[in-house]
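Asks: Let's see this in three dimensions:
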Amino acid sequence: MNVKVRFSIIALLCAALVAISGVSSCKKSNSEKTKQYLNGSLRVKNWPSYIGVGETFSVKISGVSHPKQGTEGHKLGFYYSISDISQTTDTVYRVGVNPLPVPMDNVPVDIPDFDGLDTLGTFSFVGTVYPEDNNDYYSSTVSYSITTIDAERSLPQARVDKSRPYFCDWRELEELDMCYNYIEADTLGHPYNLLWMQQNLAYLGSGRGYYNYDIMSRMFGRYYTWEEAQTACPDGWRLPTDQDWADLANTVNPQGFYTPGKNFENIAGALKMDARFNGLDMWEYWPESVITSTSTFHALPCGYCNAGAELEFKGIQEFACFWTADSVDGDDAYYRYIYTGEDDLKLGVGDKKTLAISVRCVSDRED
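Replies: Alright, predicted model coming up:
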């Protein structure tokens, strides 16, 4: 569209010049040459948004062909660059040596640059398909971001501390070491009626990881629908009722007089955890809800997931949401949630089959 507009303006200028100076024509210089575009656009499959430090991965590229495909001197190559990692572009398929195959359909490309990388952060990737006759045709590019993480370092405040009370979920493979701390009292020594998990449940046999990445489950926990949450807790643990949530809140803030079925005011700051993911604050600072962590509950704003036909994750760094065991009716159930800018532990109603959120399990105390 821009090209048409540009040529229209040129035509108008030519007409004006003819009218003013009597010039009989206005032609582009023969030395000017307009580049053409390759057919299609570059597509990349299997691109990971998150990857563990030191890991490598492979992708598949498709979608581009040369208008003069199959004739001599019109081959395609591919190179990529990654910000702050690759100092120079890494050419994978080079015209004249090993050009891209024809047709270019799911061509494998190894990305080894992360092998040995021990840096946490988010990096930009730019992939480019270029033509051998690049003076005549534009290249086709695509860009993505990738975040390197480490379960021990990316969110250190949420990792399991085995010097404190903990238990392990023996349903998981032993090498996964899937364990959880549990809390028995707040920082002032007020005992809870139940034992509460201090981390979000991350049972891999159910639910889904953040954007379907299991590697994120060790830090954020997994996202479960209410129906999945009914059987997700380990043996000896269960989903808390709304009465259990009220008991927890009344222990942390005895002046609250909290009852089930209502919002719990002036409690969120005590439940939040001051945590940073890859160095960035998880909870945005709001004077209305100052983080004290006196409950040691350690709530994280992991948002929620719409688990319909396509997974849609929302509310990261804004909401911490947890299922209760209480059903509203055949379709809906109650959940508790914290919003970053308010100091209430609110009560919400969500669809049992499509809303997927965090789970904290509880266990009866052994007196």
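Asks: So residue 274 lies in a helix, does it not?
Replies: No - the assignment for residue 274 is coil, going by DSSP: H, G, I helix; E, B strand; the rest coil, so no helix is present there.
Asks: That one contacts residue 293, doesn't it?
Replies: Yes - look at residue 274 against residue 293 with Cβ atoms under 8 Å: they come within range, at 6.3 Å. C-beta here means a position set from N, CA and C on the backbone, and glycine is covered the same way.
Asks: Looking at these two, which has the bigger crowd around it?
Replies: Neighbour totals were compared for residue 274 and residue 293, and residue 293 leads with 18 against 13 (other Cβ atoms under 10 Å).
Asks: Which of the three states applies to the more buried one?
Replies: coil.
Asks: so what's it up against?
Replies: 187, 270, 272-274 (Cβ atoms under 8 Å, 6 or more residues apart in numbering).
Asks: Same question for residue 257.
Replies: Contacts here follow Cβ under 8 Å, 6+ apart; on that basis residue 257 touches residue 250.
Asks: Quick check: it vs residue 250, distance?
Replies: 7 Å (Cβ to Cβ, to the nearest Å).
Asks: so which of the contacts of residue 293 is the most crowded?
Replies: Counting neighbours by other Cβ under 10 Å, the top entry in the contacts of residue 293 is residue 272, with 25 neighbours.
Asks: Residue 290 is in contact with that one, correct?
Replies: No - contact between residue 272 and residue 290 fails when scored by Cβ under 8 Å: they sit 9.1 Å apart.
Asks: show me where the chain has helices.
Replies: Secondary structure of the chain (DSSP state H): helices located at 2-21, 217-220, 226-229, 242-252, 268-271.
Asks: and the third one, what does it pack onto?
Replies: Going back to what we said before, that points to helix 226-229. Contacts defined by 3 or more Cβ pairs under 8 Å, 6 or more residues apart in numbering; DSSP states H and E place helix 226-229 against strand 319-327.
Asks: List the buried residues in the strand it packs on.
Replies: Buried positions in strand 319-327, judged by neighbour count with 16 or more other Cβ atoms under 10 Å: 319-326.
Asks: Stretch 35-46 now?
Replies: Buried residues in stretch 35-46, counting neighbours by 16+ other Cβ under 10 Å, are found at 38, 42-44.
Asks: Quote the end-to-end distance of that stretch.
Replies: 31 Å (Cα to Cα, to the nearest Å).
Asks: next one: stretch 83-91
Replies: For stretch 83-91, the end-to-end distance is 15 Å (Cα to Cα).
Asks: average pLDDT across that stretch?
Replies: Here stretch 83-91 scores 84 as its mean pLDDT.
Asks: what about it, distance to the chain center?
Replies: Between the centre of stretch 83-91 and the centre of its chain there are 24 Å (Cα atoms, centre = their mean, to the nearest Å).
Asks: Flag every buried residue along that stretch.
Replies: Within stretch 83-91, the residues that qualify as buried by neighbour count (16+ other Cβ under 10 Å) are 85-86, 90.
Asks: Mind putting these into TSV with distance to residue 176?
Replies: Below are these laid out as TSV (distance: Cβ to Cβ, whole Å):
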residue	distance to residue 176
85	29
86	32
90	33
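Asks: At which residues are the strands of the stretch 51-200 of the chain located?
Replies: 57-65, 76-82, 90-93, 107-111, 121-131, 140-149, 166-168, 179-185, 191-197 (DSSP state E, counting those that start in this stretch).
Asks: What separation is there between the residue lying closest to residue 196 once chain neighbours are set aside and residue 287?
Replies: Counting by Cβ to Cβ, 6 or more residues apart in numbering, residue 196 lies nearest to residue 183, which is 5.1 Å off, once chain neighbours are set aside. With distances taken as Cβ to Cβ, residue 183 is found 27 Å from residue 287.
Asks: out of these two, which sits in the busier spot?
Replies: It is residue 183, of residue 183 and residue 287, that has more neighbours when counted by other Cβ under 10 Å, with 19 against 7.
Asks: The more buried one is in contact with residue 271, isn't it?
Replies: No - at 11.2 Å, residue 183 does not count as touching residue 271 under the criterion of Cβ under 8 Å.
Asks: got any residues that touch both of these two?
Replies: 295, 297.
Asks: Burial check on the closest residue to residue 358 other than its chain neighbours, number of neighbours?
Replies: Leaving aside its sequence neighbours, residue 358 sits nearest to residue 200 (Cβ to Cβ, 6+ apart; 4.5 Å). Neighbour count for residue 200, taken as other Cβ under 10 Å: 25.
Asks: Repeat that for residue 219.
Replies: Neighbours of residue 219 under the rule other Cβ under 10 Å: 25.
Asks: Roughly how far does it sit from residue 275?
Replies: Distance of residue 219 to residue 275, given as Cβ to Cβ: 9 Å.
Asks: cool, residue 294 as well?
Replies: Counting by Cβ to Cβ, the gap from residue 294 to residue 275 is 15 Å.
Asks: More neighbours: the two, which one.
Replies: The residue with more neighbours, out of residue 294 and residue 275, is residue 275; 20 against 15, by other Cβ under 10 Å.
Asks: right, and that one touches residue 157 too?
Replies: Yes - assessed by Cβ under 8 Å, residue 275 is found in contact with residue 157 at 4.0 Å.
Asks: Quick check: neighbours shared by those two?
Replies: When contacts are counted by Cβ under 8 Å, 6+ apart, residue 275 and residue 157 are jointly contacted by residue 298.
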